[in-house]
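>>> Provided below are the primary sequence and the corresponding predicted coordinates.
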Amino acid sequence: MNKPRLDDLTGGSQITTQGPGLQKSPLVRMTEVFALSRWYTKLIIIFACLLIPFIVHSNYAMRVIIYICLYIVLALGLNVVMGFTGLLNIGHAAFYATGAYTSAILMTSYGIPFWLTVPIGMVVGFTFGLAIGFPTLRLRDDYLAMVTLGFGQIVYIVANNWMSLTRGPRGIPSIPPPCINFFRWHIVIDSYRAYYYLILLFVLLTVYACIRARDSRVGLAWMAIREDEDVAAVMGINLGFYKTLSFAFSAALGALAGSFFAVFQTFVSPNSFTILESVIIITIPILGGLGSIPGTIIGAIIMIGVPEIFRAASEYRMVAVGAFMVLMMIFKPEGLLGKKLYQQVYKV
């Protein structure tokens with residue numbers, strides 16, 4: 001049997017030669033077959049998601065699933081800043097509130113349809129992202145976290161005190177449901193099944209937007225900034241432009257989730273956008289793995305779904321969630337799906 005030589009220039013090197021000891025494990029081979037890059041795997045996942053309302057008949061369970069999807073949109077938007085660009089944002093609930101209040105005010109006070117308030121809310125959120133991005137160009141780490149935290153509190157205080165616009169602590173009630181008018185068809189989205197398909201549409205659009213952004217030149221620039229800002233600047237990357245764009249893109253996705261929240265709850269008040277809400281949103285991409293889109297989705301399922309499973313033990317469920325997070329930080333600090341091997345095998 002001829003053994004490969006290190007100086008063999010005619011064939012593969014000793015490193016790339018597949019010998020008996022270098023065979024892939026059955027788990028790796030199985031994951032490659034069902035990788036997310038396979039078109040049939042994507043179709044299976046989408047088909048399974050479409051069947052959920054026909055399998056789950058409990059209104060309570062459907063409401064929890066809708067909230068999981070809502071937090072998936074929020075966490076994916078925050079993942080753009082924290083996972084792709086490496087910037088810490090503790091005030092993401094401010095953009096969430098921006099979209100919710102924009103849709104609520106336009107629908108109740110001016111009678112604008114929901115489908116027009118969604119892009120308007122995203123534009124307003126995008127503008128707020130630019131507003132917070134420009135002043136923080138030279139800030140990093142803890143200082144950036146303090147500024148974003150302050151911005152979130154400013155939005156909360158304004159919503160709580162601007163009585164003529166937001167009605168303050170009383171909130172905005174009686175937000176009408178979305179309607180679809182197509183020739184003689186008039187469909188009102190007012191059931192859990194209809195709201196589920198609406199938020200599922202938003203989730204698919206958000207995932208697609210994040211994948212396209214990550215794999216573009218902009219996404220490569222974001223990840224270069226995440227790894228080392230100084231090296232990225234030396235390479236010619238405009239740090240100010242790409243950081244601001246990251247905040248604005250994230251804010252637009254947060255406003256999208258806020259618009260859905262407004263029509264789903266039919267009521268918007270400042271208490272829904274406190275600092276605790278930002279902490280919950282931050283925890284999701286950290287738990288799933290910063291920069292990982294599938295990890296963020298799984299993190300939302302765990303953070304929102306698991307506490308509801310243990311709701312019967314109301315005195316201990318948050319203790320159990322906190323203990324789980326502590327164990328995660330000790331034994332798997334990179335997150336559930338933060339490994340490079342996972343990113344290589346499940347390349348979307």
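Yep, it's here.

>>> Any figure for the gap between the residue nearest to T274 when sequence neighbours are not counted and H186?
Nearest residue to T274 in three dimensions, chain neighbours excluded: Y156, at 6.5 Å (C-beta to C-beta, 6 or more residues apart in numbering). (Each C-beta comes from the backbone N, C-alpha and C, glycine too.) The span separating Y156 from H186 equals 37 Å under the rule C-beta to C-beta, to the nearest Å.

>>> Of the two, give the one with the bigger neighbour count.
Neighbour totals were compared for Y156 and H186, and Y156 leads with 22 against 9 (other C-beta atoms under 10 Å).

>>> re earlier: report all helices and strands that the helix or strand hosting the residue nearest to T274 contacts.
In the assignment (DSSP states H and E), Y156 maps to helix 141-161. Contact analysis of helix 141-161 by 3 or more C-beta pairs under 8 Å, 6 or more residues apart in numbering; DSSP states H and E lists helix 92-109, helix 114-133, helix 163-166, helix 275-288 as its packing neighbours.

>>> go with 6 Å
helix 92-109 (3 or more C-beta pairs under 6 Å, 6 or more residues apart in numbering; DSSP states H and E).

>>> Show me what counts as buried in the helix it packs on.
Counting neighbours by 16 or more other C-beta atoms under 10 Å, one finds that the buried residues in helix 92-109 are 92-108.

>>> Next, the angle from it to helix 141-161.
What separates the directions of helix 92-109 and helix 141-161 is an angle of 20 degrees, with axes from the mean of the first three to the mean of the last three C-alpha atoms, to 10 degrees.

>>> could you say what helices and strands helix 92-109 packs with?
Taking 3+ C-beta pairs under 6 Å, 6+ apart as the contact definition, the neighbouring helices and strands of helix 92-109 are helix 114-133, helix 141-161, helix 239-265, helix 275-288.

>>> Can you check what angle separates the first one from helix 92-109?
An angle of 140 degrees separates the directions of helix 114-133 and helix 92-109 when computed by the same axes, to 10 degrees.

>>> Pretty sure A104 sits against F261.
No. Taking C-beta atoms under 6 Å as the contact criterion, A104 and F261 are not neighbours in contact, 9.4 Å apart.

>>> Pull the distance from stretch 97-108 to the chain's centre.
Once both centres are worked out by C-alpha atoms, centre = their mean, to the nearest Å, stretch 97-108 turns out to sit 20 Å from its chain's centre.

>>> ok, now stretch 261-268?
19 Å.

>>> Go ahead and name everything in contact with that stretch.
Around stretch 261-268, the neighbours that count as contacts under C-beta atoms under 6 Å, 6 or more residues apart in numbering are A100, S103, A104, F114, G171, I172, P173, I175, P177, P178, Y195.

>>> could you give the mean pLDDT of it?
Over the span of stretch 261-268, the pLDDT mean works out to 94.

>>> One more: stretch 163-180?
The predicted model assigns stretch 163-180 a mean pLDDT of 92.

>>> Ends of it, what's the gap?
Its start and end residues considered, stretch 163-180 measures 32 Å (C-alpha to C-alpha, to the nearest Å).

>>> Show me what it is in contact with.
By C-beta under 6 Å, 6+ apart, the list of residues contacting stretch 163-180 from outside reads 104, 107-108, 114, 159-160, 187-190, 262-263, 266-269.

>>> got it, and stretch 202-209?
Contacts made with stretch 202-209 from outside it, assessed by C-beta under 6 Å, 6+ apart, are listed as C69, I72, V73, L76, L253.

>>> Pull out the buried positions in that stretch.
Along stretch 202-209, the positions that meet the burial threshold by neighbour count (16+ other C-beta under 10 Å) are F202, V203, T206, V207, A209.

>>> Just the ones in strands from those residues, please.
Secondary structure assignment (DSSP state E) places none of these within strands.

>>> Among the residues you listed, which one lies nearest to V56?
The nearest member of those to V56, counting by C-beta to C-beta, is V203 at 16.5 Å.

>>> How far away from the center of its chain is stretch 279-289?
A distance of 9 Å separates the centroid of the chain from that of stretch 279-289, by C-alpha atoms, centre = their mean.

>>> Tabulate the CA atom coordinates of it in PDB.
Presented in PDB, the C-alpha positions along stretch 279-289 are these (Å, rounded to 0.1, in the frame of the first residue of the first chain):
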ATOM      1  CA  VAL A 279     -33.000  42.500  28.600                       C
ATOM      2  CA  ILE A 280     -35.300  39.700  27.400                       C
ATOM      3  CA  ILE A 281     -34.500  40.500  23.700                       C
ATOM      4  CA  ILE A 282     -30.800  40.700  24.400                       C
ATOM      5  CA  THR A 283     -30.800  37.300  26.100                       C
ATOM      6  CA  ILE A 284     -32.200  35.500  23.000                       C
ATOM      7  CA  PRO A 285     -29.300  36.000  20.600                       C
ATOM      8  CA  ILE A 286     -26.700  35.500  23.400                       C
ATOM      9  CA  LEU A 287     -28.400  32.200  24.300                       C
ATOM     10  CA  GLY A 288     -28.700  31.000  20.700                       C
ATOM     11  CA  GLY A 289     -25.200  32.200  19.700                       C
END
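
>>> That concludes my questions; thank you for your assistance.
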